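**Q** Predicted structure and sequence below. I'll ask about it afterward.
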Amino acid sequence: MIKIENINKYFNRHKKNQIHVIDNTSLTLEDTGLVALLGPSGSGKTTLLNVIGGLDKVQKGKIFINDQKITSKFSYKVDKIRNLNIGYIFQDYKLVDNLSVYDNVALSLKIIGIKDKKEIDKRVTYVLEKVGMYRYRKRPANMLSGGERQRVGIARAIVKNPNIIIADEPTGNLDSKNSVEIMNIIKAISKDRLVILVTHETNLANFYASRIIEISDGKVVKDYENTHTNELDYAIDNRFYLKDFKKEDNFKDKTNDITIYHDNDEKLQVEIVIKNNNIYIRSKNNNSIEVVDEDSSIEFINDHYHKLDKNELEKYEFDFENVIDKSRKLRYSSIFNPLTFITNGFKKVFAYSLIKKILLIGFFLSGIFIMISTSSMGAASRVNEKEFVETNKNYITIESNKTDPSTYQKYTEVEGVNYILPGGSTISMRVPLSDYYQTSKQNMLLKGSMSSINMITKDDLIYGRMPENNYEIVVDKLTIEKMYSSSDGVNKMANVKTIKDVLNRKARITSMDDFTIVGITDLVSPSIYVSEDMFIDMLYNSKNVNDAYEEGNEGTTGIQNYDLLKDKITITKGREPANDYETIVNVSNEESMKLNKEISTKIGDRKLIVVGYYTSPDEINNYFVNTNTLKTSLILKTKKLTIYSNDKDKTIENFRNNYEINIYDNYQKDRENYIASYEKSNNIMLASATIVLAISLIEIFLMSRSSFLSRVKEVGIYRAIGVKKKDIYIMFSGEIIAITTLTSLTGILICAYIMKVLTTVPYMQRVIMVNIPTILAAIIICYGFNLLVGLIPVFATLRKTPAAILARTDLD
C-alpha cells in the first residue's frame, strides 16, 4: 500500500519562474490493481510518480510505502525501502547498454542481495520467457529495438518480485502492436500487486486500468474506479486485416495460387521469378518490397478488424510465486566485491572506443610529468652527506681571534671534551703510485679529517684490520672516493680503482716516516683515523704537503719536533731540547747562535733558547724543539680549535654557559652552508617542478571531468534502478585504478628508468633523484589525485536525486 499525505513539490522554488508541480496532493493506493495517472504533458503526473517511487523529493508532506515513511529520510534509507518494494519501468527503458539482456535483468537481483547463480538463472529465465525475450538473453542491450528494450525493462522490474510496479509511459516510444503487448503484460502483473501507470493515452487507460486518477496543474482533479470499458478500439499498425482491403484479385491455376489485396486502384506491375526454390520480385512501379515471414513484425489476419476485448488478457499469466524461493531474505546489497570492482574496471577500459583510448595518452604523459616533478623535488630537497660533510661528524669548532696555551688547557678540562686539536682537523697525505714506471712519480692526494683511532672499533671496518702501531692508519670510504675523484684518472692508470685497492698502500707526510693504510671504514665521514700520539706532528707537517700530485722535497728550514727526526741528526755539543722553548740548531749556526742564549726566532712572544748543536748528513737545517713547544706554536698561530666530544649538544651548552665564544657543530654548519649554497637553484627547481606537477594535475582533472560527463546518463540509470551510491563510487574507482595502472603507472616506470640511466652523468645527479621514495611518491600522487578528481564529479552528481540526474539535458 502507498499512502500520500498533503505533498507539495516545486521547481525553481522562490524564483520568478517557480512551478508548483505537485499541489497539496493526498492519495491512498491499495495493494493490487493497475492505477493509471492521466493528464496532459506538464500536468505533473511523472513528477508525482517519481516522488512516490523515491526517485525525487518533496518539499512538504509525507509518503508511506508499505507503512514505511520515505520522506525526511537520508537517501540511503529511501534507496533501501524503494529497492526492496518497488520495480521501475521507464519510458526510455533505462537499460545499461554495454550489458547483455540477461545481465541487465540479473542486476536487479544482485541489488536486493540475491547472489546465488541458480536462483538468479531461474528467475531471469522465467521473466524473459514471459516477455518473449529469452532467445535474446545474450544480446547486448544497445542492439535491441524499442519494443524489445521495453520488454527487458519490464523483466528487470518484475524479476525481484516487488509488490509495487511503477511504469512511466511504458508505451510512449512504441508502435501500436508493441504498445498493446506491453500493456497486456503489465495488466497481467497487476493481478497480484500494485501497478502505477503514467500515460497520456486515454483509450489505453480506460481499457486496462482498474482505477484512473486524472491530474491537471499538479492537482488531482478526478479519482475513480474504472469499470465501464470492455473493449479497446486500438488499431495495430502491424496487423493487416485482409477482408478490409478495397480490392482482391485471385490468380489460380495448376502451378500458381496468388491473391493480391489493394487499398487503392493503382495498377500493379511486377515480375516474379522462381528459381532454385527462391522467389525474386521486381516492381516496375518503384514501390518498396517487404517480405513477410515468421520473423517479420507484419501479421496478415484473414478477417475484418475488430476491437480488442478483455478476453484476450486472460492468455497472459504471471505465476512468479511458484518459481521463486520465498525463503530467501532480501536485503539492500552491494553489487561489487574487492576483486570484481578491479576486474570490471579493466574490462571497462579495454572496451573503450578507439578515440577514448587515444585520449588516455594524456594520462600516460601526466605520469611522466609527475615522475619528473617528484624526482626534481627530491633532488632539490635532498641533502646528501657525501656532498657537504668536510670533517668528522663528531667534531665541534671554537673560533676566536686569539688562543693561548692556558686557555687551551682550560678548554680541555670542560666536561664532555675528549680532546682538542689546535686548528682545523684536515690533513693532507700523498699516496704514491709506484706500481708502474709510467706512474712512479705520481701521487694521489689523500685529504681528510684527522680523527682518533679510538673513535672506531674493528666492527666499523669493511676491509682490513685495526692499526698495531702509530704509523698504521684507517681511512673512511668517503675519503678514498674523494681522493679518486680528484686524481684526474691517475689512479686508473695505476690500476687502483676499487675502495679495497688502497689497502696496505703508503701515505706520506713531509718530514715523517711513511704511514700504511691498514683498514677502511664506511661511516660517511671523511676521516683519517690515527693514533692520538701523532696528532701534533701530523697537523704541523701536513701543512707542507703540496696540493700538486708530484713528490716534493722535504722542507729544509723551520721549527721541527726533535723526537720526529732525532735518528737523522747527531748532537755534537750541548743537550736535547727537553724543556719548553728550548731548541738545538745546526752546527753551522754556532757562531751566530750562542749556546744557552736566546735567538730571534719566537714561539708567540717567547724567544727560543739554544741548548745544543747538531750535524746532519741530509743537510737538515731545522730548529728542533720538544713536542709541547711545537704544540704551543700551533695553538698560538691558530684562530680556531677542533673539539671531539661524545655528546656534542651538551658540550656546546657547557662552553656557552662558561665562556663567551663562537662555538658550533661542524656537521650542522657544513649542512647549513651546503643548503644555503644551493638555495637559489633549489628554489628554481622546486618552482619548475611544482608548475609541471600542477599542469599535470590540471590535465588529469580536465580529462577525468570530460570522461565523467559522458557517463552521467549511466550513473542516472544505475541510481534509478537502485544501485547504491557506494557501488557507483566503487565502479568509477575501479575504472580510475585501471586507467592509472595502464597509463600513468606505465609513464612513471618508463620515465623512472630513463632518468635512472641519466643519473650516470654527474650533473644529472644534482637535478634529478630516482629512488624508491620518489617513484612511490609519483605513484601515490597519480593514484591519489586520479581518484580524487575522478570522484569529485561523481560526488557532485550523486548528491542529486535519481530523477534530477536523469533530467539533465546533456546526458547523451
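**A** Perfect, I can see it now.
**Q** Let me see the ranges of the helices in the stretch 151-300 of the chain.
**A** In the stretch 151-300 of the chain, the helices defined using DSSP state H, counting those that start in this stretch lie at 176-189, 202-208.
**Q** if I pick Asp257, what's in contact with it?
**A** If you count contacts by Cβ atoms under 8 Å, 6 or more residues apart in numbering, Asp257 has them with Phe251. C-beta: built from backbone N, CA, C; applies to glycine.
**Q** Wait, Gly612 touches Thr570, no?
**A** No: counting by Cβ atoms under 8 Å, Gly612 does not reach Thr570; the two are 10.7 Å apart.
**Q** just to revisit the earlier point, CSV please, covering the helices of the stretch 151-300 of the chain and showing mean pLDDT and mean neighbour count.
**A** Formatted as CSV, these follow (pLDDT from 0 to 100; neighbours: other Cβ atoms under 10 Å):
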stretch, mean pLDDT, mean neighbour count
helix 176-189, 81, 21
helix 202-208, 85, 19
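**Q** Can you check which of the ones you listed gets nearest to Pro762?
**A** helix 176-189 (76.9 Å; Cβ to Cβ).
**Q** Residues in a beta bridge with Phe624, which ones?
**A** Applying DSSP bridges to Phe624 gives these bridge partners: Gln560, Ile584.
**Q** Gly604 contacts Lys631, doesn't it?
**A** No: applying Cβ under 8 Å as the test, Gly604 and Lys631 come out as separate, 11.9 Å apart.
**Q** Of Gly612 and Thr570, give the one with the bigger neighbour count.
**A** In terms of neighbours (other Cβ atoms under 10 Å), Gly612 is the more surrounded of Gly612 and Thr570; the figures are 20 against 12.
**Q** Can you name the residues bridging to the more buried one?
**A** Going by DSSP bridges, Gly612 is paired in beta bridges with Gly574, Ile584.
**Q** Against Ser373, how distant is it?
**A** Per Cβ to Cβ, to the nearest Å, Gly612 is found 73 Å from Ser373.
**Q** ok, now Gln150?
**A** As judged by Cβ to Cβ, Gln150 and Ser373 stand 52 Å apart.
**Q** Equivalent analysis for Ile652, please.
**A** Distance, Ile652 to Ser373, using Cβ to Cβ: 39 Å.
**Q** what about Lys252, distance to Val105?
**A** In this structure, Lys252 and Val105 are 50 Å apart, going by Cβ to Cβ.
**Q** Show me the domain layout of the chain.
**A** According to automatic domain parsing, the chain comprises the domains 2-195+209-217+225-232, 243-306, 338-384+675-806, 425-551, 559-637.
**Q** so where's the protein shaky on pLDDT?
**A** 228-237, 247, 295-297, 305-308, 310-316, 543-557, 678-679, 681-682, 685, 808-812 (pLDDT under 70).
**Q** go with 50
**A** For the chain, the stretches with pLDDT under 50 are 544-556, 811-812.
**Q** Farthest from the middle of it: give me that residue.
**A** Glu591 (87.5 Å; Cα atoms, centre = their mean).
**Q** Give me the distance between that one and Pro577.
**A** Glu591 is 20 Å from Pro577, by Cβ to Cβ.
**Q** now swap in Gly33 and tell me
**A** When distance is defined by Cβ to Cβ, Gly33 is 127 Å away from Pro577.
**Q** who's more crowded, these two?
**A** Using other Cβ under 10 Å, the more surrounded residue of Gly33 and Pro577 is Pro577, with 24 against 17.
**Q** residues contacting the more buried one?
**A** Shown in contact with Pro577 (Cβ under 8 Å, 6+ apart): Tyr562, Thr583, Ile584, Val611, Gly612, Phe624, Val625, Asn626, Thr629.
**Q** where along the stretch 101-250 of the chain do the strands fall?
**A** Using DSSP state E, counting those that start in this stretch, the strands of the stretch 101-250 of the chain run over residues 164-168, 194-199, 211-216, 219-225, 231-232, 239-241, 247-252.
**Q** For stretch 105-116, list the C-alpha coordinates in CSV.
**A** Presented in CSV, the C-alpha positions along stretch 105-116 are these (Å, rounded to 0.1, in the frame of the first residue of the first chain):
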residue,chain,number,x,y,z
VAL,A,105,17.8,-8.3,-15.6
ALA,A,106,20.1,-10.1,-13.2
LEU,A,107,21.4,-6.8,-11.9
SER,A,108,18.1,-6.1,-10.1
LEU,A,109,18.5,-9.3,-8.1
LYS,A,110,22.1,-8.6,-7.1
ILE,A,111,20.9,-5.2,-5.7
ILE,A,112,18.5,-6.9,-3.3
GLY,A,113,21.1,-9.4,-2.1
ILE,A,114,20.3,-12.5,-4.3
LYS,A,115,23.8,-13.7,-5.4
ASP,A,116,23.1,-17.5,-5.8
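**Q** Can you check which helix is longest in the protein?
**A** Longest helix of the chain, by residue count under DSSP state H: helix 666-709.
**Q** Give the other helices and strands that it contacts.
**A** helix 354-359, helix 361-381, helix 385-388, strand 395-399, helix 772-798 (3 or more Cβ pairs under 8 Å, 6 or more residues apart in numbering; DSSP states H and E).
**Q** Distance to Ser449 and mean neighbour count added to those, as TSV?
**A** Converted to TSV, the helices and strands packed on helix 666-709 look like this (distance: least, Cβ to Cβ, whole Å; neighbours: other Cβ atoms under 10 Å):
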stretch	distance to Ser449	mean neighbour count
helix 354-359	58	11
helix 361-381	27	22
helix 385-388	13	14
strand 395-399	7	20
helix 772-798	30	18
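**Q** Include distance to Tyr753 when you put those into a markdown table, please.
**A** Shown next, in a markdown table, are these (distance: least, Cβ to Cβ, whole Å):
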| stretch | distance to Tyr753 |
| --- | --- |
| helix 354-359 | 24 |
| helix 361-381 | 10 |
| helix 385-388 | 24 |
| strand 395-399 | 41 |
| helix 772-798 | 10 |
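**Q** winner for burial among the strands of the stretch 101-250 of the chain?
**A** strand 194-199 (a mean of 26; mean count of other Cβ atoms under 10 Å).
**Q** Give me the contact list for that one.
**A** Under Cβ under 8 Å, 6+ apart, the answer for strand 194-199 is 1-2, 29-38, 45-46, 49, 52, 163-172, 186, 189, 205, 208-209.
**Q** now do 6 Å
**A** For strand 194-199, contacts defined as Cβ atoms under 6 Å, 6 or more residues apart in numbering pick out 29, 31-32, 34-37, 45-46, 49, 164-169, 186, 205.
**Q** and if you look at stretch 405-423?
**A** 632, 634-635, 638, 641-645, 647, 650-651, 654.
**Q** In helices, which of those residues appear?
**A** Thr632, Leu634, Ile635, Lys650, Thr651, Asn654.
**Q** ok, so of those residues, who is nearest Tyr718?
**A** Lys650 (66.6 Å).
**Q** What's the local residue count around that closest one?
**A** Lys650 - counted by other Cβ under 10 Å - has 12 other residues nearby.
**Q** Identify the residues contacting it.
**A** Gly416.
**Q** try it again with 8 Å
**A** Lys650 sits next to Glu415, Gly416 when contact means Cβ under 8 Å, 6+ apart.
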